[in-house]
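got a predicted structure plus its sequence, pasted below:
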Amino acid sequence: MRVATWNVNSVKARLGHLCGFLSSAAPDVLLLQEIKCQDADFPRLEVEAAGYRVEVRGQKSYNGVAILSRHPIEVTADRLPGDPSDEQARYLEARVAGVRVASIYLPNGNPVGTPKFDYKLAWFARLEARARELLATEEPVVLGGDYNVIPEAADVYDPADWTEDALWRIESRRALRRLFWLGFTDAFRALDGRPHQYSFWDYQAGRWQRNEGIRIDHLLLSPAAADRLEESGIDRGPRGLERASDHTPVWCRLS
DNA sequence: ATGGTAGCCTTGCTA
């Protein structure tokens, strides 16, 4: 089973790229983030015509996540537990072909020192609590999405540019590490030892042309899923297209 | 050199 994650930065603006990726990469499951539309505005017919079922947790203008799958989708959560007042559409979880998957759009958290950074860390704590619950099920679990965290110096072109950024702050990296200490595996890092393999390049300052990116989109595998990990990769193709998302898909294959 | 781009559907916010 192949699982991919992609922050598309508006599913309506990226519909052509999305359909191209579905037909060329043909993942069994695609986890989308930043669809930037309400449920009713998701281009469902086009995606269904490509052979995929669709579950959406949308929101007007910002955020929004979805799960696309060639197999039936049984939604198990359409929001991250732990804060009923949180209205932001950043979490959708489902069971697909015996694997628990989640599409995660973790808060960016900038600027540091504002409520936005506090929200990021609080959201991370809720995710950790949910991850513990999912581990207890002993089902294979794939927590995929835009984590908005650069795990290590090898995942950024120059850490000095990111010193005060919420994506690199030690509090954010520690929060991600806590998921690793729980037993989750970074699917890409587990199989690819090369440094400086990125999943995001800013639109500004020619970052793509200069290959000055960061790796912030991750597939975290529970032990039962990691036991089945056979292959992983980052597909840079979509980032090089005209009017591309600033992120590109990350994928893995489980036996 | 505090710039630069993109999408929302606003005239600013978020990233």
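Structure's in. What do you need?

what bridges to residue A:33?
Beta-bridge pairing for residue A:33 (DSSP bridges): residue A:7, residue A:65.

quick one: it from DNA strand B, how far?
10 Å (Cβ to the nearest atom of the strand, to the nearest Å). To be clear about C-beta, it is placed using only N, CA and C from the backbone, and glycine gets the same treatment.

local confidence estimate at that residue?
Note for residue A:33: predicted pLDDT of 98.

do the same with residue A:151
On the pLDDT scale, residue A:151 is placed at 98.

ok, now the one 10 residues further on?
Taken from the predicted model, the pLDDT recorded for residue A:161 is 95.

who in the stretch 101-250 of chain A is up against DNA strand B?
Within reach of DNA strand B by Cβ under 7 Å from any atom of the strand, the stretch 101-250 of chain A has these residues: A:107-108, A:110, A:116, A:148, A:203-205, A:243.

make JSON lines out of those residues and add distance to residue A:42, neighbour count and secondary structure.
As requested, those are exported to JSON lines (distance: Cβ to Cβ, whole Å; neighbours: other Cβ atoms under 10 Å; DSSP: H, G, I helix; E, B strand; the rest coil):
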{"residue": "A:107", "distance to residue A:42": "22", "neighbour count": "21", "secondary structure": "coil"}
{"residue": "A:108", "distance to residue A:42": "22", "neighbour count": "16", "secondary structure": "coil"}
{"residue": "A:110", "distance to residue A:42": "27", "neighbour count": "16", "secondary structure": "coil"}
{"residue": "A:116", "distance to residue A:42": "26", "neighbour count": "14", "secondary structure": "helix"}
{"residue": "A:148", "distance to residue A:42": "23", "neighbour count": "26", "secondary structure": "coil"}
{"residue": "A:203", "distance to residue A:42": "24", "neighbour count": "11", "secondary structure": "coil"}
{"residue": "A:204", "distance to residue A:42": "28", "neighbour count": "7", "secondary structure": "helix"}
{"residue": "A:205", "distance to residue A:42": "32", "neighbour count": "11", "secondary structure": "helix"}
{"residue": "A:243", "distance to residue A:42": "19", "neighbour count": "8", "secondary structure": "coil"}
